[in-house]
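Asker: Need a 3D model of the sequence below.
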Amino acid sequence: MMNQIRDILSKAKLEVIENEKFLSLIIQNVPTGLIILDDNNNVKHTNRAVTKLLGLPVFTHLNQLRIINQDFPDMFRELKAGDNNKQIKILNEKEEKEVSLSVSSIKIKSGTLRIITLYSIDDALEAKEMESWVKLIRVMTHEIMNSIAPITSLTDTLLYSYKQDSSDPQILKDTTIEALSIINSTAIGLTSFVESYRRFSGVAKPSRTPIRLFTFINSLLMLEDAELRSKNIDVILNCDSEDLMVFADSSQLSQVIVNLLKNAIEALNNTEHRKIEISIVSREDKTQINIANNGDPIPPEVLENIFIPFFTTKENGSGIGLSVSRYIMRLHGGNLKHSFENGWTIFTLSLLNDNSNLAS
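Answerer: The predicted structure is shown next:
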């Protein structure tokens, strides 16, 4: 009987060990980051999604969060069960991410454990943002075009009246010409505004073909060579391999890169030793193109709006360059992000290596 009891206990222990391994495997592979803290705020367990989100090779203590943000260790210690959908920004060496936090707790024999979940909401936020902007643009385009029609009609009516009525020629002429001038000026402005909307909302679905990036970017630099030389700007192009290929719409990708190059050139106007560095880096699932300049950084009050359509600080700017560029990258299943490191303003284009994964 004792032997039977021993066998039962041994079997039960093996089942517990197997269940622990199974649960540990699940935890490690879920896309949501998990941090488990004990009563003393010691990190008892984390998974791979956490280290990926935080950009840390290992994460064993809350104080390590100071690398990302000085306030994070204290903030995580003060989190309580029920704190849900708290949003924070995590800036690591690669990019900035919007992360949602939720906290729950469980009591066990040794004390209370807090379970903090971290979930990146960048993709969801950006997709929703772009969808909202496109809908708004379509509606406003329709309304503005309806406004232009009566203006054009009024112009025709005034011109006809001017030709027919000669009872008071000078007054009629002065009044009518002034009215026509105002109407035409308004019509031109509205037409230009509508065209900007159309350019943003009318970006076609990418027609992707293989592109040898090093050669492709070199050809784009040749287009800007005259301006780069006239402004004494040094350009450095680094690539993991000159044979590196991506699948993209060459016309749309050139539009994005040329726009970023022009922005970089403008940012260097007040800089003495002007430099632009372009690096092409291949990773497991994506290829990154980093376009960096050592010019003046983007002011904080401007930075949060740079990807919003029609926001501009330039006197003659349309405000759609960066928003269209990000939209194009999203259509490719990639992204466009800004960062600032060691005096360099960097715009990073990400393209998925899998040519079958396109945004619908």
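
Asker: What pLDDT does the model give the residue nearest to Ile280 when sequence neighbours are not counted?
Answerer: Distances taken as Cβ to Cβ, 6 or more residues apart in numbering put Cys239 closest to Ile280, at 4.2 Å, once the chain neighbours are dropped. All C-beta atoms are positioned from the backbone trio N, CA, C, and that covers glycine. Cys239 carries a pLDDT score of 87 in this model.

Asker: ok, now Ala264?
Answerer: 90.

Asker: where along this protein do the strands fall?
Answerer: In order along the chain, the chain carries the following strands (DSSP state E): 33-37, 43-46, 86-91, 96-108, 111-120, 209-212, 234-239, 245-248, 275-282, 286-293, 335-341, 344-352.

Asker: Let's have those in JSON lines, adding distance to Glu178 and mean neighbour count.
Answerer: Compiled in JSON lines, these are given as follows (distance: least, Cβ to Cβ, whole Å; neighbours: other Cβ atoms under 10 Å):
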{"stretch": "strand 33-37", "distance to Glu178": "65", "mean neighbour count": "20"}
{"stretch": "strand 43-46", "distance to Glu178": "72", "mean neighbour count": "17"}
{"stretch": "strand 86-91", "distance to Glu178": "53", "mean neighbour count": "14"}
{"stretch": "strand 96-108", "distance to Glu178": "52", "mean neighbour count": "15"}
{"stretch": "strand 111-120", "distance to Glu178": "58", "mean neighbour count": "17"}
{"stretch": "strand 209-212", "distance to Glu178": "54", "mean neighbour count": "14"}
{"stretch": "strand 234-239", "distance to Glu178": "51", "mean neighbour count": "14"}
{"stretch": "strand 245-248", "distance to Glu178": "52", "mean neighbour count": "22"}
{"stretch": "strand 275-282", "distance to Glu178": "49", "mean neighbour count": "19"}
{"stretch": "strand 286-293", "distance to Glu178": "47", "mean neighbour count": "21"}
{"stretch": "strand 335-341", "distance to Glu178": "46", "mean neighbour count": "17"}
{"stretch": "strand 344-352", "distance to Glu178": "46", "mean neighbour count": "21"}
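
Asker: how many neighbours does Met75 have?
Answerer: The tally of other residues near Met75 (other Cβ atoms under 10 Å) stands at 14.

Asker: so what's it scoring on pLDDT?
Answerer: pLDDT, Met75: 88.
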